[in-house]
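Peer 1: quick one, fold the following:
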Amino acid sequence: MSSVPPLSPRKSLWKGKAKAIQAEEEEEFDDINPVITYRHILSQNLGVRDPLRVIALCDSDAFYAACEMNRLGVDKDQPLVVLQWDSLIAVNYPARTYGISRMDKKKDALKRCPHLKVVHVATYKEGEKEPGYWDDVDTNTHKVSLDYYRRESMKIAALIKENLPGCEVEKASIDEAFIDFTKPVREMLLQRHPYLAQVPPEGVDTPLPPAPSINWDGLGNLIPVNPVPLPEDKVQTREDGGTRAINREKTLVYEEEIGDSHTTWHDVALSIAAELMSAAKEQVRAKLGYTTSAGISRNKFLAKLTASYKKFNTQSVLRNAAIPNYLKPMQFQKIRFLGGKLGSAIAKEYDASTVGDLLLIDEMQSKFGENSIWVYEILRGVDRNEVKDKGSALNKSMLASKNLPKPITKPSEGYHWIRVLAAELALRLNDAREMSPNLWPKTLVLHARKGYESGRSKQAAFPFTRDLTVDTIALAGDKLWNELVGSNTALKVTNVQLAFTGIDTAEIGQSSIEGFLKPSSSKKRSRESPEHHEGTDSLGNSASELSHTCPRCGKIFTVPTVEGSGDDQQDILLKVKTEHDDFHFAQDLARQSGQRTAITVSPKTKAKPTKRRKVQPEPKGIEKFFRK
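Peer 2: I've put the predicted structure just below:
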């Protein structure tokens, strides 16, 4: 069995080792029409080097606004915007016809459209377990919540996965998902064209026979190979920097093609993916009420660019032959990772603005270093990033944060925000527990800072509890706040963060290490019943307490109880107690093993050897544009 034909010298760039060199125009995109063989059609593990690879990006249209339209049940033609404090963060498509954009203020938007519906995002406020839509929204007392949008996003992603079995789906953001159609598309290719499974006598490296013609009707917008440009007076600039034809008649003229290329097997693969994507989009619209736009091409980078070709409840397909003329007129600084300092440096150095301008540059590597090879590749539509399903990966942390418009200057002012942040953490963790009931954050972390300064943090172990409430988190957060600020009267805190870290799945029947290594008599002693005391909580309110005094060191542990949650508070105290017993047991083991250095760390802190700080070398080439 012979091997796959080697790549040409220019195609060795796929390994990222060759220097970007100036090329003739017909060679600039020399890999857009690879020879596809029987080996390719019958292989299952070619990954990002698969010439039949098909990737899509599905983007929910004006997502936040669409969520609010669904929640309120408003008419699809009703202009609507979503407000966060004084700024518009989402504008639906009916509102955009009035010239309203996210850059506008509320009063300006209402001038353009007096019947505009304005909805402020849900917010948390102290005393409420869940966020709501309040009339008295105030950034000085409330915190923005995106939980509703996050839940709707998860519904859309789940429905897409359900309707696209065999596809890899990666959530890219709250309103975007990448989909790898390669495996199911290959299976459908072999089902529809079974002769492709019959390897000819010449061997598996024989090129496939010519591909059949394709009927693209109903499969979305086909980006033209050779577009006929519109006159400048017939094109207007979109908010996202792209362009659109002023009317439908001119759009058809723009899409007229001259000398279109012949059909390839990758085109056939794209058409199959377009069928599957169209059906999945319709399911999302019918069952959830959300419209989406999709882009379908050979990799993630091109799929994302293609999705913005024409927006609102549509999909576009970018064939390999259409890549050059689609990329060349594009402003390269609009491309992800080619903006900011790097894009400005390249634009200034070469007096370039479009991808086509940069394709003529042959000295970029000598100026920006070896790593600039990825710039060379991205300008030619090469992207080897995989689509990875992150849904099964456990999120190890959850963060609730608030930038305070009015700084905290007194220790007592912090309790309000601790409770607001605790409500968000409680809601998010309980939502996550619906899918994984035994999720347990091992640590609660409080961080406070002034402006952009580094700030200070405190953390403590967070015992496992079945019924997680706002009170449970807030009480633990209040204790951290007291430890962090104490009686400091010179406070000026402008940002407060409360976070769960070390989130993992707790084992059923989990017990301390002492229980496995000591006789049953000592284990029985470690489960003594806690004592009850009366006292006040951190806010000075009357509260019942559970406490335990360590017989070895005399340390007293107390846990304030909340009415109706005594069992949970006993579990919390038991967890703290067993952790403290583990600490003493670790000391005993250290002494028995002859260690001379005493263990002086707290049971919540691990002793770590001092590490010599490494001196970071001065960044070179392109790297310096990504360092502060």
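Peer 1: OK, contacts around Thr354?
Peer 2: By C-beta atoms under 8 Å, 6 or more residues apart in numbering, the residues touching Thr354 are Lys328, Pro329, Met330, Gln331, Phe332. Backbone N, C-alpha and C define where each C-beta goes, glycine included.
Peer 1: for it, name its beta-bridge partners.
Peer 2: Bridge pairing for Thr354 (DSSP bridges) gives the partners Gln331.
Peer 1: how close does it sit to Gly295?
Peer 2: For Thr354, the distance to Gly295 (C-beta to C-beta, to the nearest Å) stands at 20 Å.
Peer 1: and Glu413, by the same measure?
Peer 2: 48 Å.
Peer 1: which one's more surrounded, these two?
Peer 2: Gly295 (27 against 15; other C-beta atoms under 10 Å).
Peer 1: helix, strand or coil for the more buried one?
Peer 2: Of the three states, Gly295 takes strand under DSSP: H, G, I helix; E, B strand; the rest coil.
Peer 1: tell me the pLDDT of it.
Peer 2: Gly295 carries a pLDDT score of 97 in this model.
Peer 1: likewise for the one 10 residues further on?
Peer 2: Per-residue confidence (pLDDT) for Leu305: 94.
Peer 1: now do Cys167
Peer 2: At Cys167, the predicted lDDT confidence score is 95.
Peer 1: renumber starting at 44 from here on
Peer 2: With 44 as the first residue, the last one maps to Cys210.
Peer 1: tally up the residues packed near it, please.
Peer 2: 24.
Peer 1: in the sheet, who's paired with the spatially closest residue to it that is not a sequence neighbour?
Peer 2: Closest residue in space to Cys210, ignoring its immediate chain neighbours: Ile222 at 5.2 Å, by C-beta to C-beta, 6 or more residues apart in numbering. Note on Ile222: beta-bridge partners by DSSP bridges are Ala99, Val212.
Peer 1: return the distance of Ile222 relative to Arg193.
Peer 2: 20 Å.
Peer 1: of those two, who's got more company?
Peer 2: The neighbour comparison of Ile222 against Arg193 (other C-beta under 10 Å) goes to Ile222, with 25 against 13.
Peer 1: wouldn't the more buried one be in contact with Asn206 here?
Peer 2: No - look at Ile222 against Asn206 with C-beta atoms under 8 Å: they stay out of range, at 10.6 Å.
Peer 1: so which elements touch the strand or helix carrying Thr537?
Peer 2: Element membership of Thr537 [criterion: DSSP states H and E] is strand 536-548. Contact here means 3 or more C-beta pairs under 8 Å, 6 or more residues apart in numbering; DSSP states H and E; on that basis strand 536-548 packs against strand 440-451, helix 457-476, strand 482-492, helix 513-528.
Peer 1: returning to what we had before: select from the contacts of Thr397 the one having the most neighbours.
Peer 2: The most neighbours of any of the contacts of Thr397, using other C-beta under 10 Å, belong to Phe375, which has 22 neighbours.
Peer 1: surely that one touches Ala395?
Peer 2: Yes - here Phe375 reaches Ala395: they are 7.2 Å apart, a contact under C-beta under 8 Å.
Peer 1: how about Gly261, phi and psi?
Peer 2: Gly261 has phi and psi values of phi 80, psi 0 when expressed as degrees, to the nearest 10.
Peer 1: burial measure for it, as a count.
Peer 2: Neighbourhood size, Gly261 [other C-beta under 10 Å]: 8.
Peer 1: show me what contacts it?
Peer 2: By C-beta under 8 Å, 6+ apart, the residues touching Gly261 are Ser321.
Peer 1: what strands line up against the strand holding Thr537, and which way round?
Peer 2: strand 440-451 (antiparallel), strand 482-492 (antiparallel).
Peer 1: of these, give the one that comes closest to Thr532.
Peer 2: Distance to Thr532, taken as C-beta to C-beta, is lowest for strand 440-451 among these, at 11.9 Å.
Peer 1: Val187 versus Ser130, what's the distance?
Peer 2: Remark: distance between Ser130 and Val187 (C-beta to C-beta) = 11 Å.
Peer 1: format the CA atom coordinates belonging to stretch 427-443 as CSV.
Peer 2: What follows is stretch 427-443, C-alpha atoms only, in CSV (Å, rounded to 0.1, in the frame of the first residue of the first chain):
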residue,chain,number,x,y,z
ARG,A,427,-5.7,24.1,12.0
ASN,A,428,-7.6,24.6,15.2
GLU,A,429,-9.8,21.6,16.1
VAL,A,430,-13.5,21.7,17.1
LYS,A,431,-13.6,20.3,20.7
ASP,A,432,-16.8,19.6,22.6
LYS,A,433,-16.3,21.3,26.0
GLY,A,434,-19.7,20.3,27.3
SER,A,435,-18.4,17.3,29.2
ALA,A,436,-15.5,19.2,30.7
LEU,A,437,-16.2,20.2,34.3
ASN,A,438,-15.9,23.9,35.0
LYS,A,439,-13.5,24.1,37.9
SER,A,440,-14.5,27.6,39.0
MET,A,441,-17.3,30.1,39.2
LEU,A,442,-16.8,33.8,39.6
ALA,A,443,-19.3,36.6,40.6
